[in-house]
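Engineer: Next input, structure requested:
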Amino acid sequence: MNAELEYTIMQHRAAELRSVAAEQRRVQEARQGRSAERRRRRSVFARLLAS
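Structural biologist: Just a heads-up that it's a prediction; the model follows:
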């Protein structure tokens, strides 16, 4: 295969991998954010019960 074509294909694959990784990162951050919100709500509720 032509070296330039191989390089172009490699760049395209790398870009696809970066976009998939970014999407997975956003999903993970959203999941962590939701669980953090739940923890905060519970702690506020627990403070109200404790007082």
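Engineer: for the protein, what are the low-confidence residue spans?
Structural biologist: Residue ranges of the chain with pLDDT under 70: 35-42, 45, 51.
Engineer: Helix, strand or coil: sort out the residue nearest the centre of it for me.
Structural biologist: Centroid-nearest residue in the chain: Arg25, 1.7 Å away (criterion: C-alpha atoms, centre = their mean). Under DSSP: H, G, I helix; E, B strand; the rest coil, the three-state class of Arg25 is helix.
Engineer: any idea how far Gln11 is from Leu5?
Structural biologist: Using C-beta to C-beta, to the nearest Å, Leu5 is found at 11 Å from Gln11. C-beta here means a position set from N, CA and C on the backbone, and glycine is covered the same way.
Engineer: Pull the contacting residues for the residue nearest to the centre of the chain.
Structural biologist: Residues counted as contacts of Arg25 (C-beta atoms under 8 Å, 6 or more residues apart in numbering): none.
Engineer: try Arg18
Structural biologist: Counting by C-beta under 8 Å, 6+ apart, Arg18 makes contact with nothing.
Engineer: element containing it, please.
Structural biologist: Following DSSP states H and E, one finds Arg18 within helix 3-50.
Engineer: burial count for Arg31?
Structural biologist: If you count neighbours by other C-beta atoms under 10 Å, Arg31 ends up with 10.
Engineer: Also His12?
Structural biologist: Counted with other C-beta under 10 Å, the neighbours of His12 add up to 10.
Engineer: Quick check: it vs Asn2, distance?
Structural biologist: 15 Å.
Engineer: do the same with Arg13
Structural biologist: 16 Å.
Engineer: Ok, Ser19 next?
Structural biologist: Applying C-beta to C-beta to Ser19 and Asn2 gives a distance of 25 Å.
Engineer: The two: who's more crowded?
Structural biologist: Higher neighbour count among Ser19 and Asn2: Ser19, with 10 against 7, using other C-beta under 10 Å.
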